[in-house]
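Engineer: Sequence plus the predicted model coming up.
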Amino acid sequence: MVYFAFGGNIKNLITAVTFSALLHFIYFSGMFLIGYFQTTSYTPDIDGQWENVTYLQNEVVFGTTGSPLFYLFTLIGVSFAVWVALLLHKRLAGKNN
């Protein structure tokens with residue numbers, strides 16, 4: 001069995017990465033479903049909007065999008081946090097026996 005310098009094995013690392021990927025999948029699926037539901041349930045009020053010209057002229061949204069590397073770093077960070085939690089759980093469970 002391959003061990004790391006901190007005493008963890010490959011099984012814990014694979015479990016941590018899998019759990020992190022599952023959390024990210026749930027997050028992205030939730031965001032997709034919320035956006036899909038909001039898009040399909042939107043009904044515009046075209047007649048009411050043409051009466052108010054200032055509303056049409058003033059509704060501009062400026063925003064930014066995040067880098068895809070951010071999600072890679074969160075995947076690595078959550079994997080590391082879960083891996084540390086698994087190591088601590090293993091060590092604390094070993095002391096109780």
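Structural biologist: Noted; the coordinates are in hand. What you see is a predicted model; the values in this text were computed from it and never measured.

Engineer: V17 contacts A81, correct?
Structural biologist: No: in this structure, V17 sits apart from A81 without contact. The criterion is C-beta atoms under 8 Å, and the distance is 11.6 Å. Any C-beta I mention is one placed from the backbone N, CA and C, and that applies to glycine too.

Engineer: And those two? Which one has more around it.
Structural biologist: For V17 and A81, the more surrounded residue by other C-beta atoms under 10 Å is V17, and the numbers stand at 17 against 13.

Engineer: give me the element the more buried one is part of.
Structural biologist: Secondary structure here is read from DSSP states H and E; on that basis V17 sits in helix 10-41.

Engineer: Could you list the low-confidence segments of the chain?
Structural biologist: The model of the chain has pLDDT under 70 over residues 1-8, 48-61, 95-97.

Engineer: before we move on, what SS does T43 have?
Structural biologist: Applying DSSP: H, G, I helix; E, B strand; the rest coil to T43 yields a three-state assignment of coil.

Engineer: Give me the number of neighbouring residues for it.
Structural biologist: Neighbours around T43, by other C-beta under 10 Å: 5.

Engineer: and it, what are its phi and psi?
Structural biologist: The phi/psi pair for T43 (degrees, to the nearest 10) reads phi -120, psi 110.
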